[in-house]
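Student: this one's structure only:
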């Protein structure tokens, strides 16, 4: 430990770190080091590494002596470089203390600016700068931040003082306060501090520094940071780094300013220089959305030289990092500093456009492009938009900034808490706020869309919404929000009323508006083609080339959509959905209440032709691609009337006494239908049902083959728990198939396989495999049984479980690799040991989720299958899984 | 194959086989060989081995040439020894063809007697014996058996002929028919044969022989034999052997006879010579129960010399085999032959008495004694008997033979089919038949008791009932059974009426009679002490000595009973049962509908003292032994009112609106409660409930400790699926315990552990183990989830599954070692790898079943826990598991 390096210097055209050291220095620290190495003018400073964060927590929130020593050494080096000393009454060095983890967590952790100020230094600065107002404003800001962030003095105490002084003075804006006013504010702030802390505001800058460092490391585990990491699945980090950096001031006066810029448009991805700035302001003023900033166009006009410099740095940075940059800059008395650069958060369309165009520009290769777009970003392109046909007839009631693309419609709520509350009740909500803050994160996640009345494109609401792919309209100034009511141009909107926003245009519409899915554009198609090249070229030992994406589709229409989205077959066609149309349902009900096998068989004869037609439609739509058809799965009681009226109607139609029908219905009741008489258990007890379905499938296959369609049917027997079930049902199916082939005087290649969704089937996969041409993992049911969770009932405890950290994620969303995944792997290994060429796939909803797809790839599955609208995501996730495991 | 030996000769004081060759020669064949070696006079013959049975089925029911060759050679040897030739018209050899597997399956397979007779031979025998009646009777019996058994001619065809001839003759008994009458019967039999088979009755004895051998091997896989093996769990046999043996005749005339005897009383185990015989009869007459036989006392009186010989052989055989013998003998014209000996089937009391007395006599050692009593036999000693107090007031309506001990009470049914049918509907039935036959086996299994009007102590009904431990009264001649009615001494009993039998005394009582459990006697106590010595001395690598038996008990009374039965602790005390008494239920309901945590905590305070009292009672009863208490497990909706009336009552008592209560109740409804909000999930979402329970447990522990009771509490947290649940709940519990200890100013050693009943808990046992002092496998729920079977709903398909062989056994009765067992083993291994001294047990119902207990022993569990009345069985099964795995 004693020889280890914990603190890394940067600035003066050189540095101890570099961009690759993100894990150790955090994203901000690593990039500051890199920029310094590149000769970009960053205010110098040093980074206390993320290892110290871990050590800090491991040692009960204390630091080893060596850390204190290295901080001291680096501080001295900084003072030497800057020619100033921290706390020097004659020329004090001021520094900022900022967090910075390897993964960006905007606004989640703490920052303290202007550190080093005290009662003496403030006077010196007033003298040295000849700007007492600036000096006293900096000091009051510092006391407020330090008091609030490092010491826990209530924010509100400071706000109240500021308000009272403004009121006394009769002014509205902070900028209207004079140096003397601010001096008074400082006095009152210090009193408030002492009042709460029972100690004087610390004058020793080293005390200030260590308290600030403590605060930043401490903020790594504050509630909202933990929640943010949980929501965004950020795991495996050591902690945050702490950056101690020389302050530069954008609020020095009219030749000073601060801004944020992007090397390309983070909303669309278009390659033009996009940004906002404010003169005579500190960075927080831009980010917090309190004043509405100017665009870079103004800077170009007002100060072309400064603009040119900025463009130069922007290009240097993008070319160096080969990705869209999000750059913070400050102009201090006419001198430009770059405070931070990082890869820009961007919308889905921007991510795609940027990735594709950078490949076309020769900046990156296709693999990098494919790695760079997250499935969530791609998902945004598939988000609802306002139905284009309806669009023309609609008139927006107002317009704000198009902060995050996509359209959203929901019932208005005014607080994040309400949003969470309503969403729990299954309602779709639109969160309306003046501005959002990190405390609102929970409500933002569950909202369909976010609408704010203040703040710009880089405000908290905008940044977070884009990151989540949630539509957002920000800075919609026409909205007058008071309590639980919005007034806008004479219209009043109350809690629970419907509003619709279009985050792509910034428009706001009153009431409920029909939303429609967007279409693929050429850029997306090109991008996915690159992903497919990687995915289909994947080589795994002992497995056929490629990793395929199928879809779950029950109807010809779904099959067509999925095929357009790039599905390479159907992984799950649920036959029971076919029984829910009125004609078939009635026949099916007759079958269920039949008294004996002969009657049942007769009724089933009526169903064969209808089922056959369904299957023909699907085979036709999937011409040339495999279609896995699952035989009847749900328990029979799902098909019988649920109300006395419906029972009476059915009894009438069937000409049997109501009591008789009711008694049959009652006899089908189950206490735990999930674990009841369903799936292959029906196939064993009512073999005639499966016989009918197999006959319909194979007749359809023959008919379509005759018509020139290439049919690849795969019959899937669900809910196997013992090999005997599959052995028996496979034999039955083969008998039926042989008889169909004899009648039709032809044959069609086909497979018979099973779903692995019962833990016992996975455990005994070596016994089951001999009777299966393929396994499809039904991870929905497998998760239910492995965890003992009923999906239908989980709502009563899952939120608590996530909240309390019992579960990191909902196991029905991402496959539980430690538990359910162990069974999938066990089954795969056992099956492959017996039958190396057995085809393995997944058809649970996990088949459309990135981490689960990667798990399937690593486990050696041949394909994943997901809902049609998830197919593009699955294609991307699969490609990324291939790249990650190369 | 060519050099192998398939046929084994016996007789003439020597033989190719011996007793140890049971697997190869079957029980009968091996003992015939052994007896021949011992100089016991067995009719000579040869055994075709069980390997041939396997070869026969493997080769599509044909024999390799070598088998035919060896049969021929052995037949020639036999002919030489007997000085007679099969089919020799001048002095024909007659043989019997009998089945005989390694495990006795009485009456399940086929037998053919008198083989070798044909139209010429019968005449010769008539001449040579000077007894034409005997000769023709033998021939007609042979045609009937051969036709029925080997060729499938309906039994009834022959019966009808015999009846018509008797009627024509005006006689009632077969014995009244003359040689000429029988000659006529033979003629008609042969016509019936030809009529059905379309061929003449075969005259060539070799054709007869091979057809008979075919029939016996074929009978191995007849329906009733398969069912018998399934019911009795007989697996792993090659097949049956076939014994070809010289015929001896008990029906040669008045100096001939046949009988069955037991070296001890198979009903009580008492050491006296017990048996029955009939003069001038064949063995089947005794077994079939058609004529009522004489006891051996008569033989001793009538023919003391013969009796002395028989006693000599009996003693020689018992001393040789060192077990109670079931011996068949025949006297042919004054010469005694022993046809068969085997270890006798016996009742439970007989098994215990026999085992204990044989140890005391020095015949066997304790280990042998312990091995020899099956858990089912022991179970009979724990069977209901008529309540001794009521007994005096009861008057039997009639009395039969005390064929199988124990009392039974049920609704009368008259066919095995009805018995099965009624039992399926949950009714307790008493099966009443004239006599039973192997076809009745299914109905006999489900009946509470069996009552027959004919047949002796060795009739089918008696033998089978004793084997199954089902109470049986046989040969109750007073019963007049016609259709679905019994008339007995003026009383009429119809289907559905209640009858009670006492199989230990033979009494029959009208109506429903209260039954009571029997008490342990000294012999049983001694026997179980021997079993315990073995069990508690068991040494397994890396484990503490011994394999313990605990009990599942929720109330002090159960705990006392279990302790008397030898329980070494409580493995599962379900706290929720305590809430079902009226006072506690009402408080508990108030807790459930409480609006907030504070109210809930207040209500729970009222429960603490009540729960504490429950726990004190149990700790007191189990003084010195560990008590595992499971915290609340079932979902809350199990405790709320189920009907509108009850809801109204509760709402009134609680002073809240009915609608409000109803809405709370509705909100608790679950679609799959098995997989719902229960177990530790309640502990996470309502921590105050578990806190209350833990407080009650530990307060009880302290109070009892103060009173001098040695309390060993083990707190068990149910339904863990992730280690986080246990980690969190353990921490909560420890906090509560610390506070109890502080308040009480004392400490009590305790453990905190978990139930492993969710597949995921087993899979991640290495993650869970660090937080558990013990695991208790809840194999009921583990089986439900591993198979995906709801126990409550399994009735709709389980019977089909067993019937069709999808499942060999109900997995809730015997643990599924291939599936559920794999998880138990996985969890045990993973847990022990992390924590070698973790205590492992089982508390599912499997803990009282022999094969599951052996599995637990092999898997390294420290104890099993079962219901109080199963404890003695578990002690025996555990000892047997130790012996089996030595």
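Tutor: Sure thing, it's come through. Owing to the predicted nature of the structure, the values given are computational and were not obtained by experimental measurement.
Student: give me the number of residues near residue A:308?
Tutor: As a burial measure, residue A:308 scores 10 neighbours (other C-beta atoms under 10 Å in any protein chain shown). C-beta coordinates here come from the backbone N, C-alpha and C atoms, glycine included.
Student: for residue A:725, what are its contacts?
Tutor: By C-beta atoms under 8 Å, 6 or more residues apart in numbering or on different chains, the contact list for residue A:725 reads A:680, A:681, A:683, A:684, A:717, B:806.
Student: pLDDT score assigned to it?
Tutor: Model confidence at residue A:725, given as pLDDT, is 98.
Student: just confirm it is within a helix.
Tutor: Yes - following the definition DSSP: H, G, I helix; E, B strand; the rest coil, residue A:725 is counted among the residues of a helix.
Student: re earlier: make CSV from the contacts of residue A:725 and add secondary structure, neighbour count and distance to residue B:746 to it.
Tutor: As requested, the contacts of residue A:725 are exported to CSV (DSSP: H, G, I helix; E, B strand; the rest coil; neighbours: other C-beta atoms under 10 Å in any protein chain shown; distance: C-beta to C-beta, whole Å):
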residue, secondary structure, neighbour count, distance to residue B:746
A:680, helix, 26, 58
A:681, helix, 25, 55
A:683, helix, 28, 62
A:684, helix, 20, 60
A:717, strand, 26, 61
B:806, coil, 21, 57
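Student: quick one: least confident of those?
Tutor: Ranked by pLDDT, those bottom out at residue B:806, which has 92.
Student: out of everything not next to it in sequence, what's closest to it?
Tutor: For residue B:806, ignoring the flanking residues on the chain, the nearest one in space by C-beta to C-beta, 6 or more residues apart in numbering or on different chains is residue A:724 at 4.5 Å.
Student: does the one you found touch residue B:808 like I think?
Tutor: No - the pair formed by residue A:724 and residue B:808 falls short of the contact definition of C-beta atoms under 8 Å, at 9.1 Å.
Student: more neighbours: which of those two?
Tutor: Applying other C-beta under 10 Å to residue A:724 and residue B:808 shows that residue A:724 carries more neighbours, namely 19 against 15.
Student: going on from whichever strand or helix holds residue A:78, what's the next piece of helix or strand?
Tutor: Residue A:78 is located in helix A:65-82, with elements delineated by DSSP states H and E. Using DSSP H and E, the helix or strand that follows helix A:65-82 in sequence is strand A:85-86.
Student: got the contact list for that following strand?
Tutor: Counting by C-beta under 8 Å, 6+ apart, the neighbours of strand A:85-86 from elsewhere in the structure are A:75, A:79, A:91, A:92, A:93, A:95, A:116, A:205, A:206, A:209.
Student: which of those are buried?
Tutor: Neighbour-count burial (16 or more other C-beta atoms under 10 Å in any protein chain shown) is assigned, among the contacts of strand A:85-86, to A:75, A:79, A:92, A:93, A:95, A:116, A:205, A:209.
Student: can you redo the residues you listed as a markdown table with secondary structure?
Tutor: A markdown table is the format used below for the buried ones among the contacts of strand A:85-86 (three-state DSSP):
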| residue | secondary structure |
| --- | --- |
| A:75 | helix |
| A:79 | helix |
| A:92 | strand |
| A:93 | strand |
| A:95 | strand |
| A:116 | coil |
| A:205 | helix |
| A:209 | helix |
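Student: what's the burial count for residue A:874?
Tutor: One way to gauge burial is a neighbour count; for residue A:874, by other C-beta under 10 Å, it gives 32.
Student: what residues are up against it?
Tutor: For residue A:874, the contacting residues are A:549, A:847, A:848, A:853, A:864, A:866, by C-beta under 8 Å, 6+ apart.
Student: list just the nearest of these to chain B.
Tutor: When the contacts of residue A:874 are ranked by distance to chain B (C-beta to the nearest C-beta), residue A:847 comes first, at 20.5 Å.
Student: so who does the nearest residue to residue A:436 once chain neighbours are set aside touch?
Tutor: In this structure, residue A:436 finds its nearest non-sequential neighbour in residue A:461, 4.1 Å apart by C-beta to C-beta, 6+ apart. The neighbourhood of residue A:461, defined by C-beta under 8 Å, 6+ apart, consists of A:289, A:403, A:433, A:435, A:436, A:444, A:450, A:452, A:455, A:472, A:474.
Student: now residue A:152
Tutor: Residues touching residue A:152, when contacts are defined by C-beta under 8 Å, 6+ apart, comprise residue A:196.
Student: hang on, it in a helix?
Tutor: No - when the secondary structure is assigned by three-state DSSP, residue A:152 falls in coil instead of a helix.
Student: residue A:210: neighbouring residues, count only.
Tutor: With neighbours defined by other C-beta under 10 Å, the count for residue A:210 comes to 16.
Student: just checking, next helix/strand downstream of the helix or strand harbouring it?
Tutor: With the criterion set as DSSP H and E, the secondary-structure element containing residue A:210 is helix A:205-219. With elements assigned by DSSP H and E, the helix or strand that comes after helix A:205-219 is helix A:223-232.
Student: ok, residues contacting the helix or strand just after that next one?
Tutor: Sequence-wise, the next helix or strand beyond helix A:223-232 is strand A:240-246, with elements assigned using DSSP H and E. With contact meaning C-beta under 8 Å, 6+ apart, strand A:240-246 is reached by A:11, A:24-26, A:28-29, A:32, A:42-50, A:52-53, A:71, A:74-75, A:78, A:82, A:93-101, A:109, A:209, A:213, A:216-217, A:219-220, A:339.
Student: before we move on, back to that, what's the closest of the contacts of strand A:85-86 to chain B?
Tutor: When the contacts of strand A:85-86 are ranked by distance to chain B (C-beta to the nearest C-beta), residue A:209 comes first, at 36.5 Å.
Student: tell me the contacts of the residue nearest to that closest one when sequence neighbours are not counted?
Tutor: In space, and not counting its chain neighbours, residue A:209 is closest to residue A:115: 6.3 Å by C-beta to C-beta, 6+ apart. In this structure, residue A:115 makes contact with A:94, A:95, A:96, A:97, A:142, A:146, A:205, A:208, A:209, A:212, A:247, judged by C-beta under 8 Å, 6+ apart.
Student: who does residue A:115 form a beta bridge with?
Tutor: residue A:95 (DSSP bridges).
Student: how much space separates it from chain B?
Tutor: Per C-beta to the nearest C-beta, to the nearest Å, residue A:115 is found 39 Å from chain B.
Student: check residue A:731 too.
Tutor: Distance check for residue A:731 against chain B: by C-beta to the nearest C-beta, it reads 12 Å.
Student: and that residue, helix, strand or coil?
Tutor: When classified by three-state DSSP, residue A:731 comes out as helix.
Student: look at it and report its pLDDT.
Tutor: On pLDDT, residue A:731 comes in at 97.
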